[in-house]
Structures are given as structure tokens and as C-alpha cells.
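**Q** my questions are about this predicted structure, shown below with the sequence.
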Amino acid sequence: NAEDIERKIKQGDDDTTRLVRRAASHDFRNLIVFDESLSLRQCTDALKEAQDYWQAEADLAIFDYLELIPINGVEGAEGVAAKAQAMKRWTRSAAVPVAVVHQSSRSSGSRGQAAGMNGMRYGGEAEATFVVEAFRKREDDSLDPFERRRHQHTLSINLAKNKRPPSKLGCFDVHLDPNTGSIRTLRDDDSLTVGMPLQSAEQALKVALQ
């Protein structure tokens, strides 16, 4: 839990301090974060410098997120599409796998439901090999209280585009830890709800089926 870690470090807890330093120096020693918006030309220089430092090719470059890539003269929906096209050109020249985060418009689909390719219209869907959508089912207003409670700690993943044969698509749920943000596959006990009163035989049957 990030809040606990910060609190312990402020209190001078040596074990927690060593834990954080180990994460930076050992567990994620080959991770470099650029916490500013770089132009694609600057990204090329940064990638080369990182690979020189590692003396190895990069496994992945992650851009968080698409709209923050500075390209002069393009804004709005057209700007997003232009940035996605520029990103694809950069990816080919850089010869490195690239993951780009894009937040689709709230108007492109109902909250808590998969928007699919319709929600990716200006998110570079034509440029991407894969389009992976993440959403929270608990935000779906059409869910009854039981279902919303059941999905309180789930994250839904929708593979909306897959150009790699056999090009299978699909949607599945994973468990998202509310304290740490860690993700894992669902277990049987994740579907259980606590403190949900059973008000009728019909509801009891629904719980049993779940």
C-alpha cells in the first residue's frame, strides 16, 4: 500500500527504505522513466541513450499517454489521429515494441461497458496491431446492486483488435487489489459478497447460481 510505505518512510523505518531502494536498484534496474512530454525526435535520442546505458536493446517503450505527445499544429480528435500515425512511423524507425495509453472519450460509450472499436475511432486503432481496452464494470449504471458489489474489485480487459493470426478477440475480468493496484486472475472467493442481505428466495437463488 503506497500510503503505508510513505508513512513508514517518514517515520524513518529502515526496512521500508531498503525495500524502496531495492526496487529501484535491483527489481526495476532496467526501467527508465521520463516524466515530461518529449517530442518524437527527443524520444529517439532518449531510446538510444537508454540502450547505450544498458548495453542492450529495449524490450518495450510505453507512452502515457497519446495526447501528451507534442506535435505542432494538431489538436482535438484530428490531432489524436495524427499523433497515432506519427507514433506508428516512429515505432518502425525505432524498431522497438511500443504500448501507447489513450483515454477514449466518455461520450464514445456507456461507462462500465466495453466500447470496442467504436470507442477507439480517434485512438489510433488503424495504426495498432493490438487494441486492449480496460474498464470497470461497477461503473455500469444498469447493474443491480448485487452485481455492482460483486465487481467492486474487478477490472475488465477487452481485446478489441488483434492482427496476429488466428486473431482471436475476447473480454475477461481480473482482480484489482484496491490497496496496491496489483492485478491477478480471479479466484472463486472473489465472486462472494459480504454483508449483502438476501431479501427474497429469488435473490437467494441468484446468489447460489453466481
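**A** Perfect, I can see it now.
**Q** tell me the bridge partners for residue 172.
**A** Assessed by DSSP bridges, residue 172 has beta-bridge partners residue 157.
**Q** distance of it relative to residue 55?
**A** 38 Å (Cβ to Cβ, to the nearest Å). Quick note: C-beta positions are derived from backbone N, CA and C, even for glycine.
**Q** what strand or helix carries the residue nearest the centre of the chain?
**A** By Cα atoms, centre = their mean, the chain has its centre lying nearest to residue 134, at 6.3 Å. Per DSSP states H and E, residue 134 falls inside strand 130-135.
**Q** picking up where we left off before, more neighbours: residue 172 and residue 55, which one.
**A** residue 172 (12 against 6; other Cβ atoms under 10 Å).
**Q** I'd say that one and residue 156 touch.
**A** Yes: counting by Cβ atoms under 8 Å, residue 156 is a contact partner of residue 172 at 7.4 Å.
**Q** where does pLDDT dip in this structure?
**A** 73-78, 105-109, 119-124, 191-205, 207-208 (pLDDT under 70).
**Q** okay, strands next: where are they in it?
**A** Assigned by DSSP state E, the strands in the chain fall at 61-64, 98-101, 130-135, 154-162, 170-176, 183-185.
**Q** tally of neighbours for residue 47?
**A** Other residues close to residue 47 by other Cβ under 10 Å number 18.
**Q** residue 58 is in contact with that one, correct?
**A** Yes: here residue 47 reaches residue 58: they are 6.3 Å apart, a contact under Cβ under 8 Å.
**Q** what is in contact with the two at once?
**A** By Cβ atoms under 8 Å, 6 or more residues apart in numbering, residue 47 and residue 58 have these common neighbours: residue 96.
**Q** quick one on the thing from earlier: just checking: what are the partner strands of the strand holding residue 134?
**A** Short version: by DSSP bridges, strand 130-135 pairs with strand 154-162 (antiparallel).
**Q** can you give the contact residues for the partner strand?
**A** 114, 116-117, 120, 125, 128-138, 168-176, 183, 186, 190.
**Q** mind saving the C-alpha coords of it as CSV?
**A** Coordinates of each C-alpha in strand 154-162 appear next as CSV, following Å, rounded to 0.1, in the frame of the first residue of the first chain:
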residue,chain,number,x,y,z
THR,A,154,-12.6,-6.3,-10.7
LEU,A,155,-11.0,-4.8,-13.8
SER,A,156,-12.4,-5.9,-17.2
ILE,A,157,-10.0,-6.3,-20.1
ASN,A,158,-11.3,-6.3,-23.7
LEU,A,159,-9.0,-7.4,-26.5
ALA,A,160,-10.8,-5.4,-29.2
LYS,A,161,-8.3,-5.8,-32.0
ASN,A,162,-5.7,-8.5,-32.7
